[in-house]
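J.: Sharing a sequence plus its predicted fold:
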Amino acid sequence: MPPTLKSLLAPAKLADYGYNRSYERGREYYQAGAVLRLAQRGDRLSAVVAGSRDYKASIRLSGSSLSFSCTCPADGFCKHLVATALAWNAGEAEALGDLDDIAAPTEGPRSRQKKGPDIRAYLMSLDRERLADMILNQAVDDSRLRDRLSVAALAAAPDGIDLAAFRQRIDRALEFPDFDYDNPYWDEEDPYEGYAEQLRPILDALESLLDQGQYASVAHLAEYSLAELNQRCLEMEYDFLEAEEMVDPLVSLHLRACRETGPNPEALAEWLFQLGFVDTASEFPGLPWERYEDLLGETGIFHFRRLLETEWRNLPAPPENGRGDRRSRQRLRAALLRFAENDNDVEAQAAIIKTDLSDQDAYLELARAYSSAQRYDEALKWAEKGWNDFDDARHGNSNLRDFLAEEYRRRDRVHDALTLYWNDFFNDMDLSTYKRLTREASRDQDIWPRWREKALESVREMIAESRKNPPKRTQYGFGSFGRQTPDNSLLVEILLWENKPAEAWDEAVSGGCDENLWLRLSGWRERSQPQECLPIWERRIERLTRHANQSDYAPAADSLAKLGELMEKIGERPKFIEKMKTIRASLKRRASFMRELNQRNLP
């Protein structure tokens, strides 16, 4: 069964869409009645959510997934979207179509079915002149509606499309928002967010023109739109993340039109080359020329390739600091490599790659090209050179390391392969490097026990050395319990990952560990020895309630609830009640904390 708006916006799923505290804050916004003017038509929701100012939140079903936006500066599924979804689940949307579109209300005191008037039936009852006047009056105050109507009218003109007027509308749709780059808060918002939506009326109109069979006009207008978008990208002073989602639908429309008009292959090759490789802005994503191969045919592809090769020969040498943002070079390079790969010409590939060996990715690409041609000795040579020629081995290219290890194993040089991962682990001891070492060494079961013992001993030596020269305590403390000396956190983390909780507990008891690890250990230990877990939660509660003016006491209240559960399990419920009396008496001025305790029905 395909996903529906109701299944995707189920309350149980909303917490997965958010991040940090967006779900909790969104629930608070909803409960405070901040969701205003929630409307639904089909699978589209729109609401105004009151916050520090009014924000417009929109959610819609796109295929099998959700699309959403909010005018607030936050990324992702923000608190305003969460609040909107919760209000919709409670049946608070006003339907602008069939009343069956409204979600069935969920259980709860605020739940209610909000059935507004049947707006669609009312509109259908109006005569055309009155309806037109109503829409035009609204268009006076709504520039987006006005633009959409203007473009639709141009596309529907009975005496043929006015290309000059349509081009003016394209220019208007691609106008930049008025944004002050000197604003000291400019980095807190994306000035181009939602910019792609301005092109939607143009895309809809071009789709309509295709349905009318005006293929040549659509091809011309799509080419004009792409050229103008590229020109706008040249003026960018900020990363333009929406350019790609604007290029793709324009290219799709252009392709459909060209398949009907049958353009000259060489002329099409010239256009693809100029806009995609020569006059291309750095923020313009380029043209997916591969999608045009069937239209180019042999003649067009031959001409296109000659243009690329001539441009490549005339390029200046790459800068010493690498390819950097030289996107024109990268695009040419990628296209020529594609042709060389299709020809199975490894020397042509190598010649292109060797023009710029300024990073390890290039060496890896070169090694892979030789390996694909089964020239393994040359592949090993270039992989080793790429690995050894860069000073900072601690942060070497992991893909190059993996490739080089496989080449060593091809030659039964298992120790050399493992040494690559050992050096990675030894220079940067953490769980991720230990996992990589484990993955590689455990391929040989008779070898892994020795390497594991060696790795754990190195961790212990690192901890012992750190204790001799402990880091200075900063304003943020050291460790979750304010430890001033290094602890056994890494050992505990490794042993827990290896599913050895008993050994991890012993290491934590003997040398301490991070609070989050203690909590994980508690989840295991409390099943058999709940009394030994009490100090873990008591320390956590003491830390969370140490300072006043805490903005969020929920974790402290949750920890007290957990402590109460453990103390009841070992028959110490009366002691917990006395402990709660002491806490309530000493922290009674913290109203938000008292509220959290009461919500959990704590004594």
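T.: Now that the structure is in, tell me what you want to look at. Keep in mind the model is a prediction, meaning the values are calculated, not measured. Numbers count the residues shown, from 1 in each chain.
J.: Which residues does stretch 352-370 contact?
T.: With C-beta atoms under 8 Å, 6 or more residues apart in numbering as the test, stretch 352-370 has contacts from 312, 317-318, 320-323, 329, 333, 336-337, 340, 346, 349-350, 376, 378-380, 382-383, 385-387, 389-390, 396-397, 399-400, 403-404, 407. All C-beta atoms are positioned from the backbone trio N, CA, C, and that covers glycine.
J.: With just CA atoms, put it into CSV.
T.: Output in CSV follows, covering the C-alpha atoms of stretch 352-370 (Å, rounded to 0.1, in the frame of the first residue of the first chain):
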residue,chain,number,x,y,z
ILE,A,352,43.7,13.1,-18.4
ILE,A,353,44.0,12.2,-14.8
LYS,A,354,47.8,12.9,-14.7
THR,A,355,47.3,16.5,-15.7
ASP,A,356,46.4,17.2,-12.0
LEU,A,357,47.7,14.9,-9.3
SER,A,358,47.3,17.4,-6.5
ASP,A,359,45.3,15.2,-4.2
GLN,A,360,44.9,11.5,-3.2
ASP,A,361,41.6,11.2,-5.0
ALA,A,362,43.4,11.7,-8.4
TYR,A,363,45.9,8.9,-7.5
LEU,A,364,43.0,6.6,-6.5
GLU,A,365,41.2,7.4,-9.8
LEU,A,366,44.4,6.6,-11.7
ALA,A,367,45.0,3.3,-9.8
ARG,A,368,41.4,2.2,-10.4
ALA,A,369,41.7,2.9,-14.1
TYR,A,370,44.7,0.6,-14.3
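J.: What distance do you get for residue 288 to residue 334?
T.: 11 Å (C-beta to C-beta, to the nearest Å).
J.: which of those two has more neighbours?
T.: Neighbour comparison, residue 288 and residue 334: the larger count goes to residue 288, with 14 against 11 (by other C-beta atoms under 10 Å).
J.: ok now do the closest residue to that one other than its chain neighbours, which residues does it touch?
T.: Closest residue to residue 288 apart from its sequence neighbours, by C-beta to C-beta, 6 or more residues apart in numbering: residue 251 at 6.2 Å. Applying C-beta under 8 Å, 6+ apart, we find residue 251 in contact with 222, 226, 287, 288, 291.
J.: If we use 7 Å, what do you get?
T.: 287, 288, 291 (C-beta atoms under 7 Å, 6 or more residues apart in numbering).
J.: how much space between it and residue 260?
T.: Distance, residue 251 to residue 260, using C-beta to C-beta: 15 Å.
J.: count of neighbours near residue 244?
T.: 13.
J.: can I assume it sits in a helix?
T.: Yes: assigned with DSSP: H, G, I helix; E, B strand; the rest coil, residue 244 falls within a helix.
J.: Just the pLDDT at it, thanks.
T.: Listed pLDDT for residue 244 reads 75.
J.: okay but it is in contact with residue 285, surely?
T.: Yes: with contact defined as C-beta atoms under 7 Å, residue 244 reaches residue 285; the gap is 4.4 Å.
J.: got the contact list for residue 346?
T.: By C-beta under 7 Å, 6+ apart, the residues touching residue 346 are 369, 370, 373, 375.
J.: Skip the chain neighbours and tell me the closest residue to the last one.
T.: What sits nearest to residue 375 in space, not counting adjacent residues and going by C-beta to C-beta, 6+ apart, is residue 346, at 6.9 Å.
J.: So that neighbour versus residue 135, what's the distance?
T.: With C-beta to C-beta as the criterion, residue 346 and residue 135 are 63 Å apart.
J.: cool, and residue 204?
T.: Taking C-beta to C-beta as the measure, residue 204 falls 16 Å from residue 135.
J.: Return the distance of the helix or strand hosting residue 537 from the chain's centre.
T.: Assigned by DSSP states H and E, residue 537 belongs to helix 534-544. Distance of helix 534-544 from its chain centroid, counting by C-alpha atoms, centre = their mean, to the nearest Å, is 35 Å.
J.: hey, where'd the helices end up in the stretch 301-450 of the chain?
T.: 327-342, 346-353, 360-372, 376-388, 398-410, 414-427, 431-441, 448-468 (DSSP state H, counting those that start in this stretch).
J.: Let's have the ones you listed in JSON lines, adding distance to residue 96 and mean pLDDT.
T.: Listed next are the helices of the stretch 301-450 of the chain as JSON lines, based on distance: least, C-beta to C-beta, whole Å; pLDDT from 0 to 100:
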{"stretch": "helix 327-342", "distance to residue 96": "44", "mean pLDDT": "89"}
{"stretch": "helix 346-353", "distance to residue 96": "56", "mean pLDDT": "94"}
{"stretch": "helix 360-372", "distance to residue 96": "51", "mean pLDDT": "94"}
{"stretch": "helix 376-388", "distance to residue 96": "60", "mean pLDDT": "95"}
{"stretch": "helix 398-410", "distance to residue 96": "51", "mean pLDDT": "94"}
{"stretch": "helix 414-427", "distance to residue 96": "58", "mean pLDDT": "93"}
{"stretch": "helix 431-441", "distance to residue 96": "50", "mean pLDDT": "94"}
{"stretch": "helix 448-468", "distance to residue 96": "62", "mean pLDDT": "92"}
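J.: and residue 44, backbone torsions?
T.: Main-chain torsions, residue 44, degrees, to the nearest 10: phi -120, psi 130.
J.: Show me how the record splits the protein into domains.
T.: According to automatic domain parsing, the chain comprises the domains 5-124, 526-603.
J.: Compare those domains and say which comes out lowest on pLDDT.
T.: domain 5-124 (a mean of 77).
J.: Determine how far the last residue of that domain lies from the first.
T.: The first and final residues of domain 5-124 sit 27 Å from each other (C-alpha to C-alpha, to the nearest Å).
J.: Going forward, the N-terminal residue is numbered 801.
T.: All right, first residue 801 from here; so that's domain 805-924.
J.: Of the helices of the stretch 1101-1250 of the chain, which stretch is the most buried?
T.: Of all these, helix 1160-1172 has the most neighbours on average by mean count of other C-beta atoms under 10 Å, namely a mean of 21.
J.: That one to helix 1146-1153, inter-axis angle?
T.: Interaxial angle, helix 1160-1172 versus helix 1146-1153 (axes from the mean of the first three to the mean of the last three C-alpha atoms, to 10 degrees): 180 degrees.
J.: same for the helix or strand hosting residue 838, what does it pack against?
T.: Using DSSP H and E, the element containing residue 838 is strand 835-841. Secondary-structure packing of strand 835-841 (3 or more C-beta pairs under 7 Å, 6 or more residues apart in numbering; DSSP states H and E): strand 844-850, helix 879-889, strand 894-895.
J.: ok, now with 10 Å
T.: Packing partners of strand 835-841 (3 or more C-beta pairs under 10 Å, 6 or more residues apart in numbering; DSSP states H and E): strand 844-850, strand 854-862, helix 879-889, strand 894-895, helix 919-925.
J.: Pull out the buried residues from that strand.
T.: Residues 835, 838, 839, 840, 841 are the ones in strand 835-841 that count as buried (16 or more other C-beta atoms under 10 Å).
J.: Could you dump the residues you listed into TSV with distance to residue 1357 added?
T.: Below are the buried residues of strand 835-841 laid out as TSV (distance: C-beta to C-beta, whole Å):
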residue	distance to residue 1357
835	27
838	32
839	37
840	36
841	42
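J.: right, and the pair among those with maximum separation?
T.: 835 and 841 (17.0 Å; C-beta to C-beta).
J.: rewinding a little: pLDDT-wise, what's the bottom of the contacts of residue 1051?
T.: Within those, pLDDT is lowest for residue 1087, at 87.
J.: doesn't that residue fall inside a helix?
T.: No: under three-state DSSP, residue 1087 sits outside any helix and is assigned coil.
J.: and residue 868, how many residues sit next to it?
T.: Other residues close to residue 868 by other C-beta under 10 Å number 18.
J.: distance of the residue nearest to it when sequence neighbours are not counted from residue 923?
T.: The shortest distance from residue 868 to any non-neighbouring residue, by C-beta to C-beta, 6+ apart, is to residue 859 (4.7 Å). Distance of residue 859 to residue 923, computed by C-beta to C-beta: 24 Å.
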